[in-house]
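J.: Everything below, folded, please.
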Amino acid sequence: MGTTKNHKLKYGATLPSLLSSFTSSATKTYCILVLGSDWPLDCLKHVWIKEPSHNDISQTTNKTSINTQSLYKRIDPRNSFQKGESKYNNFAIALKSGSETFPVRTKAQFDTFLNRVANVLVIGEANRNNSEIGRRMVDVYHGALEDAKKRLGPRKVQLAEARKGKLVLDTSGEMGAGNGGKSTDGKSGNDTVQAGWFSNEGWRVDAHKNLPGFALLYNTFPDADWFMMIDDDSYLFLDGLHQFTKRYNPNRNYYFGQANKFRGCDDVTEMGDGPPIAQGGTGILLSRGAIKTMMEIVDQCIVQYEDCWAGDVRVGLCLRDVKIKLKHIPGFNGWPPQENFVFSPNPCETPLTYHHVLPAQMYKLRQIEESATTSKTRLTSSHMYHTFLNPIKNYTTMESPSAKTSAKTFMIRDENVERKGKPWMNFRIDTWEQCEARCIYYGPCVAWFHDLNKRCWLKKTPGGKDEMKGAWSGVMPNRYVCPPTWL
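T.: Numbering: from 1, shown residues only. As a prediction, the model looks like this:
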């Protein structure tokens, strides 16, 4: 049949162009549907492409040999039985997983919220099938660095490698504090990231997935407006995300997420010296304009930041290099709304994501979503507090001296417990009873705690609970409502 040229698909190749590259009028094709159909290739929209045999390739009339790794990385990996809901067709979601977690974690995500989205890609460090959910994980790890170097060429590779470790200070962007976590100042436990936190092999491999994963996501769904990457223990509220993105023009450059500091990459040794980055587990959301701009230098970034220990930091640095800054968005939460979760001081805040969510919690979150939709109730931080956590189990009833509250206030009181979250006000007072009375008197106060130093801390959030010997604390769940009753 003569010699052939090696065909390598570049970033930006679309499924239709891929299909036309490997069809011929003389053969049916070596591409098959999941069900095994042998329809003509130009009739197919959602296809699995099997590795071609030697005979398959030799029978093609265009004499084109195929790089099977590139081919696997450029197909449409959607479940052919799942169309998704039309209002989410402008979203493309990359679910970042791994060989160990893909079989056990992802089912809950596809059962609860990902089954509502057509444009979903599962990325990892190996090609794996999950027959239970009818999905395939695509390897974006092996060969990604080598392929990026080939596309760049020797001179550009040399320039990219020369930039390694060069610190570019950028502290001008506003650094928002995440409010979904466990820390006393209201920030998430993931608000700061640093090298050395995770030293296992899985984490090191994980860092290499984000940039090529976003490249593959854009390449696979180039017509989407919004591109998002989440972890396989993240929960995404699609309706909230849909309403949020309606305010923005996707053709402009937008980079959204929960703002985090980092160190250990790009010669950043002090927290805050580098640009704020979106924490990957809570979700990285890019507009079409932003990801298209990042694609112009994505190969350079893959090479330049190959030694950076965290994949979400690599994405943030690459976007920094094309002058796209993160916009911190409340609602991207680092933890699920469990007992030690620091709820937002704003009870009307709309939750967009939760991270570190167990499969059982995902099903519960979906039930809450469906119930809110049925009752036409707006899903807010306060709604999640009262439905997911359901705090009013044991309480003490007491008279409230405040004219701005109801005649009776429910108080949940704890001994040897600190209430976390950013304080609204604090002052010295002798007893915890006096501290509690002050919280009851001030309408905006939702929670309080009194420490051994006789300091009273009043807060507008239910906060999380941490052990503190000798401390007393309390929370009034019926004050954490939207809109606030004291207004």
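J.: which helix is the longest one in this structure?
T.: Assignment by DSSP state H gives helix 359-374 as the longest helix of the chain.
J.: avg pLDDT for the following helix or strand past it?
T.: The first helix or strand that comes after helix 359-374 along the chain, using DSSP states H and E, is helix 381-384. For helix 381-384, mean pLDDT is 92.
J.: Then stretch 132-152?
T.: If you average the pLDDT values across stretch 132-152, you get 91.
J.: Gly213 touches Ala94, doesn't it?
T.: Yes: here Gly213 reaches Ala94: they are 5.1 Å apart, a contact under CB atoms under 8 Å. The C-beta positions use only the backbone N, C-alpha and C, and glycine is treated the same way.
J.: Tell me where the model's unsure across the stretch 151-300 of the chain.
T.: When residues are selected by pLDDT under 70, those of the stretch 151-300 of the chain lie in 166-204.
J.: 90 instead?
T.: 152, 156-207, 261-275, 277 (pLDDT under 90).
J.: Which stretches in it count as helices?
T.: Counting by DSSP state H, counting those that start in this stretch, the stretch 151-300 of the chain has helices at residues 154-162, 201-206, 210-220, 238-245, 288-295, 298-304.
J.: do you know which of those helices lies nearest Ser99?
T.: Nearest of the helices of the stretch 151-300 of the chain to Ser99, taken as CB to CB: helix 201-206 at 8.8 Å.
J.: re the thing from before, ok, and what's touching the longest helix of the chain?
T.: 105, 107-109, 111-113, 235, 237, 239, 336, 338, 354, 357, 377-379, 383-384, 387-388 (CB atoms under 8 Å, 6 or more residues apart in numbering).
J.: related to what we said a few turns ago, any chance of the helices of the stretch 151-300 of the chain in JSON lines with mean neighbour count and distance to Glu418 as columns?
T.: JSON lines is the format used below for the helices of the stretch 151-300 of the chain (neighbours: other CB atoms under 10 Å; distance: least, CB to CB, whole Å):
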{"stretch": "helix 154-162", "mean neighbour count": "13", "distance to Glu418": "48"}
{"stretch": "helix 201-206", "mean neighbour count": "14", "distance to Glu418": "31"}
{"stretch": "helix 210-220", "mean neighbour count": "24", "distance to Glu418": "36"}
{"stretch": "helix 238-245", "mean neighbour count": "18", "distance to Glu418": "30"}
{"stretch": "helix 288-295", "mean neighbour count": "21", "distance to Glu418": "40"}
{"stretch": "helix 298-304", "mean neighbour count": "23", "distance to Glu418": "42"}
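J.: mind checking which of these is nearest Asn119?
T.: Nearest of these (CB to CB): helix 210-220, 7.8 Å.
J.: okay, and the common contacts of Gly213 and Ala94?
T.: Leu121, Ile123, Met229.
J.: What about those residues, which one has the most neighbours?
T.: Met229 (28 neighbours; other CB atoms under 10 Å).
J.: got the contact list for that one?
T.: Ile93, Ala94, Lys96, Asn210, Gly213, Phe214, Leu217, Gly280, Gly283, Ile284, Val315.
J.: mind listing the strands in the stretch 151-300 of the chain by residue range?
T.: For the stretch 151-300 of the chain, the strands defined by DSSP state E, counting those that start in this stretch occupy 192-194, 226-231, 235-236, 255-257, 259-263, 277-278, 284-287.
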